[in-house]
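# I'd like to go over a predicted model; first the sequence, then the structure.
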Amino acid sequence: MHRHNYQRILFVAAALLLVRPAAAEPSISGTVTGADGKGIADAVVFVLAPTPPAASHVAPQVVDQIGKAFVPELLPVVVGTLVRFPNHDQIHHHVYSFSPAKTFELPLYKGEDAPPVLFDKVGVVKIGCNIHDWMAGIILVLPTPHFTVTDPEGRFTLRDLPAGTYTLSAWHALSKLKPEDSAQSVQLSQDAAQVAFTLSLSAARPRRAMHGARVEP
Amino acid sequence: MSTAIARTCCLLICGALSPQVYGQYAVDTDKPVWLRALLDVRVVHAGPAPSWTDRGPGKTRYGGSPTDSGFERASRFVLSELAVEVGATLPWDIRAQAQVNVQPDVADNYRPWLVQATLRKEWGNEGLGWGLQTGVMSTPFSLENVGPAWSPEFSISAAALDSWLWEDISLAGAEGEWWHTTRSGVKLGALVGAGYGGDQMGRLLALRGWAIGDALGGINGDLALPARQERTDIFNERDQRPALYTWLTAGDEHDIASLKFGFMDNRGDQREAGVWHTHFSTVGLVLHPHPRIDLLVQYLDGAAKVNAPPNDSSISAVYVLLSHHYRRQRLSVRYDAFRVHDLDAGPVSTSEHGNAVTASYLVQMGLRHRLAFEHVWMNSRRLNNASLNPTPDGWQMSYRFRY
């Protein structure tokens, strides 16, 4: 009985040694706020410089179509990402983009019929549906895998960055500022760094989805 | 100090070396006001009888030409439609939308017709919600006119039933709508509306009969009547009694099947000179047994009556449309049957009966362009026409540009 207890104590001690937390990767956290001091949701904070070499493998991403809307409406990806556009509505959609960073169209389809689209150029890709005018989304193609999206309070945390000096930028679809105007240099050492961005947003009145008999096929 | 200098230098270098990268992040934000347009030009070969739009007995939108000995087929290049749509999102998420159409053959000139001018507000979401709409609009009964700018989705021309609904009815009024998806997955919808301007509704059917086309009536438009110099107003209000209509729908959440029922009564007061009292019921079934197949069936039955002259008529029409589409291509076949029955045996009978078969092939080229070919075989017999079958068949080829 005693022997079993010793073995158990030794096992737990060994396990504790093995799972001792390693030194945490430093992170950059902060806020993106508007001129009124309120947090801005759905802003993308990303490392503008230095730009890492292109990764050999990039995980594919998904923009779904649910309830006549793109889900998510904003998808930041690193350049070289394949994005699928499944349509889980019961009606057909015709996804397209005229953006210089990626011009494409996926003619009328439902379900998983559409092939994935490769986003191989940095920039903003606005997507829409040729049938439902109000459907709009943005795929933000970034030169770096180091990006994050602010929460509803405008807070963000960039993790998995090695120590170094970075230029960070905050982007928002309605920002009046160019990214260079919001760019900040951050020295990241062993301690977490803090950055605060202030963006001025233009007024927007997005078109809401339409329902009812006149728009149902 | 040195850190600040380093940061500044870093920013300057970034800015100097990669301005093209920064520019790529600019967003062309959605404007609160939007504009769209549709241009449809065609080569048509129909007839031989001149179309009703030319005051002839022909029952398709384009017909032949009169000759010394009768009629002959004619080929023409025509501007069928120029539609301009403008919309805006207003405060409180109110959606404003207007559409004007130029249809030179139907209007007999290039004057734009106001097809739609509405304000719409919705509450709720796809699962449960309701909406209010007010302004100038047609009825929601057509199962086919769900394409861009209210054009037929499955073919160039709509069925006789839907052609009439869109060419002859334009009301100024308001409607309320409710929709709900139950827990068991049944989608329900109920729409109730009222509008002024339908006092001549039905006159076209009695005096011309059913026709196959794709013209959209406007509130400031009028339509030709066969063998008459006068035209009939699309919007005409004489008795100050609004038309009432309702549209009830039920379907499954996967949109495999939906059943629709509509009723309209223009409540025309026949004691007023020239006021038609027209009412009808319509029932429609939309089936999607396969994601690439659309099957539509719609039936309409009603009556159009006027105090004088004696042109009271009962009206009925039905169509079955089968359409298959794959990516950019759509192939549709439709069978129409229609009938007008003279109720008061006046000196000029309004009776007619007929049927039609329409075959269409549509190819979408990119987002902007569409090519379409359609052949209509029509067998129409109207008692007071010298020509028993003025529109045996005809074809049209359409190029459509959508902005």
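On my side now, so go ahead.
# partners of the longest strand along chain B in the sheet?
Longest strand in chain B, counting residues (DSSP state E): strand B:74-90. The pairing partners recorded for strand B:74-90 under DSSP bridges are strand B:33-46 (antiparallel), strand B:94-102 (antiparallel).
# output the ones you listed as CSV; include the columns distance to residue B:127, mean pLDDT and mean neighbour count.
No exception for glycine: its C-beta is placed from N, CA and C like everyone else's. What follows is the strands paired with strand B:74-90, written out as CSV (distance: least, C-beta to C-beta, whole Å; pLDDT from 0 to 100; neighbours: other C-beta atoms under 10 Å in any protein chain shown):
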stretch, distance to residue B:127, mean pLDDT, mean neighbour count
strand B:33-46, 27, 94, 18
strand B:94-102, 20, 96, 19
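# ok, which of these comes nearest residue B:348?
The closest of the strands paired with strand B:74-90 to residue B:348 is strand B:33-46. By C-beta to C-beta, the value is 25.6 Å.
# surely residue A:108 touches residue A:89?
No: Residue A:108 is beyond contact range of residue A:89, at 12.0 Å (criterion: C-beta atoms under 8 Å).
# how close does the closest residue to residue B:382 other than its chain neighbours sit to residue B:277?
Using C-beta to C-beta, 6 or more residues apart in numbering or on different chains and skipping residues adjacent in sequence, the residue nearest residue B:382 is residue B:352, 3.9 Å away. As judged by C-beta to C-beta, to the nearest Å, residue B:352 and residue B:277 stand 20 Å apart.
# residue B:203 too?
From residue B:203 over to residue B:277 (counting by C-beta to C-beta), the distance is 11 Å.
# repeat that for residue A:86.
52 Å.
# residue B:324 now?
Residue B:324 is 41 Å from residue B:277, by C-beta to C-beta.
# give me the more crowded residue out of these two.
residue B:277 (23 against 15; other C-beta atoms under 10 Å in any protein chain shown).
# helix or strand for that one, which one?
strand B:276-290 (DSSP states H and E).
# quick check, that strand touching chain A?
Yes: applying C-beta under 8 Å from any C-beta of the partner chain, one finds strand B:276-290 in contact with chain A at residue B:286.
# helix or strand next in line after that strand, which one?
Trace forward from strand B:276-290 with DSSP H and E and the next one is strand B:293-306.
# ok now that next one, how far from the chain's centre?
14 Å (C-alpha atoms, centre = their mean, to the nearest Å).
# in CSV, list the C-alpha atoms belonging to that strand.
Taking Å, rounded to 0.1, in the frame of the first residue of the first chain, the C-alpha atoms of strand B:293-306 are listed here in CSV:
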residue,chain,number,x,y,z
ILE,B,293,-33.9,22.2,-61.5
ASP,B,294,-36.8,24.7,-61.1
LEU,B,295,-40.4,23.7,-61.7
LEU,B,296,-43.1,26.3,-61.6
VAL,B,297,-46.8,25.9,-61.9
GLN,B,298,-49.2,28.9,-61.6
TYR,B,299,-52.9,29.2,-62.2
LEU,B,300,-55.0,32.4,-62.2
ASP,B,301,-58.7,32.7,-62.4
GLY,B,302,-60.9,35.8,-62.1
ALA,B,303,-63.2,38.2,-63.8
ALA,B,304,-63.0,41.7,-65.3
LYS,B,305,-66.3,43.6,-65.5
VAL,B,306,-67.3,47.1,-66.6
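# mind listing the strands for the stretch 101-250 of chain B?
B:113-124, B:128-137, B:171-181, B:186-196, B:222-224, B:231-233, B:243-252 (DSSP state E, counting those that start in this stretch).
# from the chain's centre, how far out does the third one sit?
Yep, that's strand B:171-181 we're talking about. 18 Å.
# same check, this time on the last one
Distance, stretch centre to chain centre, for strand B:243-252: 17 Å (C-alpha atoms, centre = their mean).
# low-confidence ranges in the chain?
Reading this off chain A. A:1-25, A:204-206, A:217 (pLDDT under 70).
# that answer is for a different chain, and I need it for chain B
B:1-23, B:29-30, B:385-388.
# I'd say residue B:73 and residue B:49 touch.
No: contact criterion C-beta under 8 Å: residue B:73 and residue B:49 do not qualify, at 9.6 Å.
# quick check: neighbours shared by these two?
Common contacts of residue B:73 and residue B:49, defined by C-beta atoms under 8 Å, 6 or more residues apart in numbering or on different chains, comprise residue B:64.
# stretch A:185-195: which residues count as buried?
For stretch A:185-195, the neighbour count (16 or more other C-beta atoms under 10 Å in any protein chain shown) marks A:185, A:186, A:188, A:192, A:193, A:195 as buried.
# ok, those vs chain B, which is closest?
Of all the buried residues of stretch A:185-195, the one sitting nearest chain B is residue A:185; the distance, using C-beta to the nearest C-beta, is 3.8 Å.
# please name every helix or strand in contact with the helix or strand the closest one falls within.
Assigned by DSSP H and E, residue A:185 belongs to strand A:184-188. Under the contact definition 3 or more C-beta pairs under 8 Å, 6 or more residues apart in numbering or on different chains; DSSP states H and E, strand A:184-188 sits against strand A:164-171, strand A:193-199, helix B:2-17.
# so what's the residue nearest in space to the middle of chain A bridging to?
Nearest to the centroid of the C-alpha atoms of chain A, with distances taken as C-alpha atoms, centre = their mean, sits residue A:76, at 3.7 Å. Under the criterion DSSP bridges, residue A:76 forms beta bridges with residue A:140.
# where's it relative to chain B, distance?
11 Å (C-beta to the nearest C-beta, to the nearest Å).
# surely that residue and residue A:140 touch.
Yes: using C-beta under 8 Å, residue A:76 is in contact with residue A:140, at 4.4 Å.
# what touches both of these two?
In contact with both residue A:76 and residue A:140: residue A:44, using C-beta under 8 Å, 6+ apart.
# who are the contact partners of residue A:71?
Contacts of residue A:71 (C-beta under 8 Å, 6+ apart): A:63, A:64, A:65.
# by neighbours, which of those residues wins?
Most neighbours among the contacts of residue A:71, by other C-beta under 10 Å: residue A:65, with 24 neighbours.
# and the nearest residue to that one once chain neighbours are set aside, what are its bridge partners?
Leaving aside its chain neighbours, residue A:65 sits nearest to residue A:87 (4.4 Å; criterion: C-beta to C-beta, 6+ apart). Residue A:87 has these beta-bridge partners by DSSP bridges: residue A:65, residue A:111.
# residue A:87: how many residues sit nearby?
22.
# can you check the one 5 residues further on too?
With neighbours defined by other C-beta under 10 Å, the count for residue A:92 comes to 19.
# quick revisit: between residue A:108 and residue A:89, who's got more neighbours?
residue A:108 (23 against 20).
# so what's the more buried one up against?
Taking C-beta under 8 Å, 6+ apart as the test, what residue A:108 contacts is A:92, A:93, A:94, A:131, B:325, B:327, B:328, B:364.
# now the helices for chain A?
Secondary structure of chain A (DSSP state H): helices located at A:2-18, A:179-182.
# residue A:90 contacts residue B:251, doesn't it?
No: between residue A:90 and residue B:251 there is no contact under C-beta under 8 Å: 9.5 Å.
# the more surrounded of those two?
residue B:251 (23 against 17).
# how many neighbours does residue B:232 have?
Neighbours of residue B:232 using other C-beta under 10 Å come to 21.
# that one touches residue B:203, doesn't it?
Yes: using C-beta under 8 Å, residue B:232 is in contact with residue B:203, at 5.1 Å.
# joint contacts of these two?
In contact with both residue B:232 and residue B:203: residue B:225, using C-beta under 8 Å, 6+ apart.
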